[in-house]
Each structure stands twice: as C-alpha cells, then as structure tokens.
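1. For reference, the sequence and a predicted model appear below.
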Amino acid sequence: MVQMRTHNCGQLRLQNAGEHVRLVGWMENVREVGNNFAFVILRDFYGTTQIVIEFEEMMATIKDLNKESTIAVEGIVRERSSKNPKLPTGEIEVVPEKIEVLGRCRYNSLPFEINRSREADETARLKYRYLDLRNPEVQANIILRCKVVSALRAAMADHDFLEITTPILTASSPEGARDYLVPARKHPGMFYALPQAPQQFKQLLMTAGFDRYFQIAPCFRDEDARGDRSPGEFYQLDMEMAFATQEDVFAVLEDVLPPIFAKYGKYNIASQAPFRRIAYNDALRYYGSDKPDLRIDLTCKDVTDLFKDTEFGPFQGQTVKAIDISDCKLTRKQIEKLLTECEVQSGSKGYWFKTDDKGEIAGGIAKFVTPIKDQMASRIDLSPNTLVVLSAGEYAVKSAGVQIKTFGAAVEGHMDKERYEFCWIVDFPMYEIGDESGELEFCHNPFSMPSGGLEVLLKAERGEIDPLSITADQYDLVCNGVELSSGAVRNHDPEIMVKAFELVRLGEEDVKAKFPAMYNAFCYGAPPHAGIAPGVDRMVMLLAGEDSIREIIPFPMNKNAQDLMMGAPSEVTQKQLDELHIQITKEEE
RNA sequence: GGCUCGGUAGCGAAGCUGGUUAUCGCGUCGGCCUGUCACGCCGAAGAUCGUGGGUUCGAGCCCCAUCCGAGUCGCCA
C-alpha cells in the first residue's frame, strides 16, 4: 500500500537528509539551469520544497507539464550544496527517483499569475477564485478567518455560552433591510425569508430559559455592497444573555476580544478592558462621527459663536466646526487636495487657515479669522504651524468627522495606525424625526429598552419631556473607526413595547402584527435580556489589515451581488418555476 | 439611481498638445546555460486600444452614446 505522501512540502529539514520520502503538490515553478538540470518548486498547503532534476528522462516529464499541474515526487532528501536561508526548507532538496502526474493543468497561460493574483483584475480573481486562493498570501486571510472563528467559539464556550443554530428559512421581517425571499412550493403565493439576523430567535431562546446563547450566524440582507460590506450574506458573532445588563454584555466582549486581537491581529496592540464609553451625542460633538477612530488624536470644536458677526458669507448664520492640527507640514496644494477629498465624501465644502512659524494666521480664510484671533486662540490651539480645518452649515458635524479621519491619516504624528482602539458608543437616541415623514420615528430598532423604562415613555406622552431626549439602552462597538457591532438591552415587557410604539402613532395591534412570536412569548414571563452581534467579517478584516471585505471571504460575490465563479444568480427551468407557482414578467423597455 | 475613477497582448502598466511601425515589465514559446531560488542571457509570437457612432487628411488620445468594473452617496434597525 503506497502512501499518498510521507511528508508535506513545508516539513523537511537538514536532519531528514538521506530519508526516502514522497511529496505531493502543485508544480509552482521550474528553473532550468543547463541542458538536463532543473529545479522544480513543489508547493502544497504547508510550504514549498525544491526538487532537483538531474536526468534527461525526468526532464522530459517536467517539460511535458504546465505549471500548476499536481505531481507526486518520490525520492531521497539531500543537503543542498547552495542553501537558501530565506526558506524553511532551504537547506534541503529532494532528488526524485520517480515523478507521477496527478492532475494535469491543461492551460499554459493562467488568467493571472498565482503569486501575483492580488494585483490582478478583481473580476478575474472572483471568477477563478480557486486559483486566486492558491496564492499563499490570499490563502492566509482565509486561514486567519478560520483561526479567529475557532478562537471566538472557544472563548464563548469558556464564558458558558451555548452555540444554538436558528432557522435559515424563516418569516419576512418588517423592519430593517430588504429581505431575500424564498418561494414556498407548498404554499402558492407565499414566501420564506432568509434571516437578516437571528434577532427574534435569540430573544425567544432567552424567553425559553436558555441563559447564554451565541452563534456564528449567517445573516442575509439584500442591500448594496461597500468596501466593508459584502452584498447578500455575512456572518455575525451573535450573542444574547438573560438577566443581564449592558455592563454584563460589555464585560463579556471586553474579555473575549482583546486576547484574540492581540494574538491574531496584524498590529499587536489592542485596547484592554474597560473600553472607553462615549455617549452618542459626545461622539458626534467631539469626533463628528458615531464611529470615531480613536487612533487619531484630533477632535472638533464648536466655533459657531466666534463667527456670529463674520463677513464671510458661508459662515453667516451657520454652525461652524473647527479642527486644530498641530505641527502640520502640508503645503497649500496638499491641504486643498485633502479638503476636496473630504468634500466628495461628505458632500459639503471645507475651509482652512493655518498659523505660520511665528504664530501669525495665514492662508485660506485667514482674512476672516485674523479679527477674531484672540477668541479663536482661547478655543483652539493656535501655536505656530497649526492647520485649522473648518466646516459649516447643516452637515458641519458630519463633514468635520470626515475631515478628522482624512487629515488624521494624512498629517504625520496624529495617528498611530499600528494598534486597535476599541470604544463603546452608548446612549443612542430612541426616536428621531423622520426625513420623509417629518414625524417621530424609531431611530434604530424598536427592540431596545428605552433608558428609564415605562416611566420615561409616560412622561413623554404627557408632554413633560421631549421624546427626542429619550435614549435607548443601545450600544455600538467601534474599532479603529469601523462599526463592529450593534447591540441593546432588549425591551422584554409587552406594556413598555406597546407604549414605545404608541409614541410613533402605532399600537398593540401593530406590535402583535409585526412581531407575533415575540410579543406572545413576552406575555408568558420574559427575563430582562441583552445582547450584541459583532460582525465576524469586519473583525477579520481589521485583524488582517485589509481594506476590502472580499479579501477575507472565501468565495465573495462582486459589487452587483453576483457569484461570477458559480454563475449566480441564474435563470431556472420552467418546471422549477411552475412548481413554485412563479411567473416571470419581462421588464418593459 | 447620483457622483468620482477606470477599461490598451494571458496578466500588470506607459502612451506627451491628435501625427504615421502602440511602448515596458511579467507570463508563454524557441535557443544557450550543472547550483538556481523573483535564476540569467539571446530571440520570437502575442493587441478589432471595452462597444457603437461622430469630428478630422489622420483618433488609443477629442466629442456623443452605450456596456462593464471599482470607490462613494442613497440604502444597510
């Protein structure tokens, strides 16, 4: 009985010299040196090993093969006469007695070069993802993902969480994103939906008496993609705890995440527990964003009152925010280029001035700042060589947020990239005035417990407080400016639920109609519970230091939610459609 | 759907103010080379410049339309 292999390609060392071995793998490269002399690089999952071809007969076998064919090599391990210290197996080589072809690569030109696949056109990479993934660099991200998922599972189990799977075919939910629908064969005209998150199931598990639940949960949302958002499907570390508070949830993740970030992250410095808590309103006030990047030391200051009597048109009667950036060596041209970048992203114009070597105000809108220099200096740092970037108007806050991230990354000395900075954003508003309706609406989701419970809602109902001032026990986990996760203390009390709905002109019937299972379940005695669901893909993306979420997904779809490799979505047969009682109507031209 | 950027041999790029034979690197094929390791040297093949129309004596380059891709906004509790 012949073994497929005795060793892998990353394994052999000098002490193996003289052993008879059998290796298998892909023929990565052939370096011919002389007539009947060549080096073949054999690659498998574990590494590469050099094979020396010294005879005519074997040379013929090799020459007959295209690169990336799979072969088996049987032979003797030998100490190299010229070693390569850069390679783990660089001290040895294998002298083959027999070479066997296992899987012929039928093409002598590949859609891209394996070891440079990351530079190739993304469409080609996705279509030939199985070749792209042969690149050890690309493979490394998937390996990292596996390790991180295992570590998360182990850590959650350590904290006494049970992994419980929840249905993939479920009911369409009226809240949130667009659902993926699945026609029900046995129920003409009816549909299942793929879950946007196991939200309701996990809350029902709490109601059922499970104390700590988690799941590496697939979630499906039919929304457009982004660099950090995969279209269609993604994974969450979904968790929920019964009889728990916000701080209980924080404590679990503050315990689970830092060691994993420290061990698997590209950068090995990660903030430790407790993570900073920043109120939603403060996050906007100081960072212009509800997902601040705390690696950046810049904050924005309100200078609206200083420009009360300004002659500068764009600032007249507007909110004005300023960001002071010390020790800035950017030229005028560079500053304006960055400002333009910010404008594209935030959709509103930015302004600037700076202080020169002597601390005099110069450049940009200097003319309008000089008269109020002293007041300005009491508000922000105006020491020499400080750049001040400003934004004004309705979107001043958001614009300032973009400016902080852009200039923070561009101006030297204001951002330590090589670390992971976590923070909790807390005290989210419960309600907001809807853009379209102009009326009070839920700000995020209606499952969250309003801080202060029923009492607060009643006060708002009686007009004693502004409903917009009500906050929810809801929180986001943010890392390096990336929203990793949203969570909340849930509203487990049917009475408070109905009252919360009444404030947005809905009532008990709406709650029952929208969330029948949960509403009914909560009427049988529910535990107070809280949870969160960090995005696994985004976490791995941060750990790998990648900018595109597709780099850490084994088989990603493209921006248009197509799987180019499998050819999905695709048309189906008429028979399939008939069974599902589905008729296709052609879109009119 | 809006905006921005892009599409040039199998792959990655260059291509000036429109000018005659469209460059360069990698890969492929052939030759040389017995210690390479991103091997080296010599040579060759390989391009409807995304597509369609227009301007022009002349278009990879300018104009119009259109397709495809990426980023971003909308959207995503």
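-> Happy to help now that I have it.

2. ok, which residues in the stretch 1-150 of chain A are in contact with RNA strand B?
-> Within the stretch 1-150 of chain A, the positions adjacent to RNA strand B are A:29, A:31-37, A:39, A:50, A:52, A:54, A:66-67, A:80-84, A:86-87, A:90, A:93, A:108-113, A:116, A:119-124 by Cβ under 7 Å from any atom of the strand. In short, each C-beta sits where N, CA and C put it, glycine included.

3. For the residue nearest to A:Arg332 when sequence neighbours are not counted, grab the count of nearby residues.
-> Spatial nearest neighbour of A:Arg332, chain neighbours left out: A:Gly363 (6.0 Å); criterion: Cβ to Cβ, 6 or more residues apart in numbering. The number of residues packed near A:Gly363 is 17, by other Cβ atoms under 10 Å.

4. what about the strands in the stretch 451-589 of chain A?
-> Counting by DSSP state E, counting those that start in this stretch, the stretch 451-589 of chain A has strands at residues A:471-472, A:474-479, A:482-489, A:529-532.

5. With mean neighbour count added, can I get these in TSV?
-> Listed next are those as TSV, based on neighbours: other Cβ atoms under 10 Å:
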stretch	mean neighbour count
strand A:471-472	24
strand A:474-479	25
strand A:482-489	21
strand A:529-532	26
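
6. follow-up on the earlier one: drop anything exposed from the residues of the stretch 1-150 of chain A next to RNA strand B.
-> For these, a neighbour count by 16 or more other Cβ atoms under 10 Å gives the buried set as A:Asn29, A:Gln50, A:Val52, A:Lys67, A:Gly90, A:Glu93, A:Leu110, A:Phe112, A:Ala120, A:Ala124.

7. what residues does the longest helix belonging to chain A touch?
-> Criterion DSSP state H: the longest helix present in chain A is helix A:136-158. Contacts to helix A:136-158, defined as Cβ atoms under 8 Å, 6 or more residues apart in numbering, come from residues A:43, A:45, A:115, A:117-118, A:132-133, A:163, A:214, A:216, A:237, A:239, A:255-256, A:259-260, A:263-264, A:536, A:539-540, A:543-544, A:546, A:551-552, A:554.

8. Just the buried ones out of the residues you listed, please.
-> A:43, A:117, A:132-133, A:214, A:216, A:237, A:239, A:256, A:260, A:264, A:536, A:539-540, A:543-544, A:546, A:551-552.

9. Which segments of chain A make up each domain?
-> Using automatic domain parsing, the domain parsing of chain A gives A:14-103, A:147-246+A:421-536, A:296-415.

10. okay if I get the ones you listed as JSON lines plus mean pLDDT?
-> As requested, the domains of chain A are arranged in JSON lines below (pLDDT from 0 to 100):
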{"stretch": "domain A:14-103", "mean pLDDT": "95"}
{"stretch": "domain A:147-246+A:421-536", "mean pLDDT": "93"}
{"stretch": "domain A:296-415", "mean pLDDT": "89"}
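
11. out of those, nearest to A:Gly288?
-> domain A:296-415 (2.8 Å; Cβ to Cβ).

12. what separates that closest one from the chain centre, distance-wise?
-> How far domain A:296-415 lies from its chain's middle: 30 Å, per Cα atoms, centre = their mean, to the nearest Å.

13. Repeat that for stretch A:94-108.
-> Using Cα atoms, centre = their mean, the offset of stretch A:94-108 from its chain centre is 41 Å.

14. before we move on, the earlier item: if you look at the buried ones among the residues of the stretch 1-150 of chain A next to RNA strand B, which of them are in strands?
-> Those of these mapping onto strands are A:Asn29, A:Gln50, A:Val52, A:Glu93, per DSSP state E.

15. what separates the first one from A:Cys9, distance-wise?
-> Yep, that's A:Asn29 we're talking about. 13 Å (Cβ to Cβ, to the nearest Å).

16. same question, the third one
-> With distances taken as Cβ to Cβ, A:Val52 is found 15 Å from A:Cys9.

17. and what of A:Gly209?
-> According to Cβ to Cβ, A:Gly209 and A:Cys9 sit 51 Å apart.

18. Which parts of the stretch 1-150 of chain A are helices?
-> Assigned by DSSP state H, counting those that start in this stretch, the helices in the stretch 1-150 of chain A fall at A:56-63, A:122-127, A:129-132, A:136-158.

19. Going along the chain, name the helices of the stretch 401-550 of chain A.
-> For the stretch 401-550 of chain A, the helices defined by DSSP H, counting those that start in this stretch occupy A:453-461, A:494-502, A:508-514, A:516-522, A:536-544.

20. could you dump the ones you listed to CSV with distance to RNA strand B?
-> Shown next, in CSV, are the helices of the stretch 401-550 of chain A (distance: least, Cβ to the nearest atom of the strand, whole Å):
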stretch, distance to RNA strand B
helix A:453-461, 18
helix A:494-502, 13
helix A:508-514, 11
helix A:516-522, 12
helix A:536-544, 11
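
21. mind checking how far the nearest residue to A:Tyr128 once chain neighbours are set aside is from A:Ala568?
-> Leaving out its chain neighbours, the residue that sits closest to A:Tyr128 by Cβ to Cβ, 6+ apart is A:Pro111, at 4.9 Å. Using Cβ to Cβ, A:Pro111 is found at 19 Å from A:Ala568.

22. What about the nearest residue to A:Pro446 once chain neighbours are set aside, how many residues nearby?
-> Excluding the flanking residues, the one nearest A:Pro446 by Cβ to Cβ, 6+ apart is A:Ala500, at 6.3 Å. When neighbours are defined as other Cβ under 10 Å, A:Ala500 has 27 of them.

23. likewise A:Asp44?
-> Applying other Cβ under 10 Å, we find 19 other residues in the vicinity of A:Asp44.

24. So for it, what's the nearest residue that isn't a sequence neighbour?
-> In space, not counting the residues next to it along the chain, A:Asp44 is nearest to A:Gly25; the distance is 3.7 Å by Cβ to Cβ, 6+ apart.

25. That neighbour contacts A:Gly47, correct?
-> No - A:Gly25 lies out of contact with A:Gly47 (Cβ atoms under 8 Å); the separation is 9.1 Å.

26. Now do stretch A:253-263, average pLDDT.
-> On average, the pLDDT along stretch A:253-263 is 95.

27. With stretch A:544-554 instead?
-> Averaged over stretch A:544-554, pLDDT sits at 93.

28. Mind exporting the C-alpha coordinates of it to PDB?
-> Taking Å, rounded to 0.1, in the frame of the first residue of the first chain, the C-alpha atoms of stretch A:544-554 are listed here in PDB:
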ATOM      1  CA  ALA A 544      -5.900  41.100   8.600                       C
ATOM      2  CA  GLY A 545      -5.400  44.800   8.000                       C
ATOM      3  CA  GLU A 546      -7.400  44.500   4.700                       C
ATOM      4  CA  ASP A 547      -9.400  47.400   3.200                       C
ATOM      5  CA  SER A 548     -11.800  45.200   1.300                       C
ATOM      6  CA  ILE A 549     -14.100  42.700   2.900                       C
ATOM      7  CA  ARG A 550     -13.800  40.400  -0.100                       C
ATOM      8  CA  GLU A 551     -10.200  39.600   0.900                       C
ATOM      9  CA  ILE A 552     -11.300  37.700   3.900                       C
ATOM     10  CA  ILE A 553     -14.300  35.900   2.500                       C
ATOM     11  CA  PRO A 554     -13.600  32.500   0.800                       C
END
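
29. what's in contact with that stretch?
-> Looking at what lies outside stretch A:544-554 - Cβ under 8 Å, 6+ apart - the contacts are A:122, A:126, A:129, A:133, A:138, A:140-142, A:144-145, A:227-230, A:234, A:266-267, A:537-538, A:540-541, A:556.
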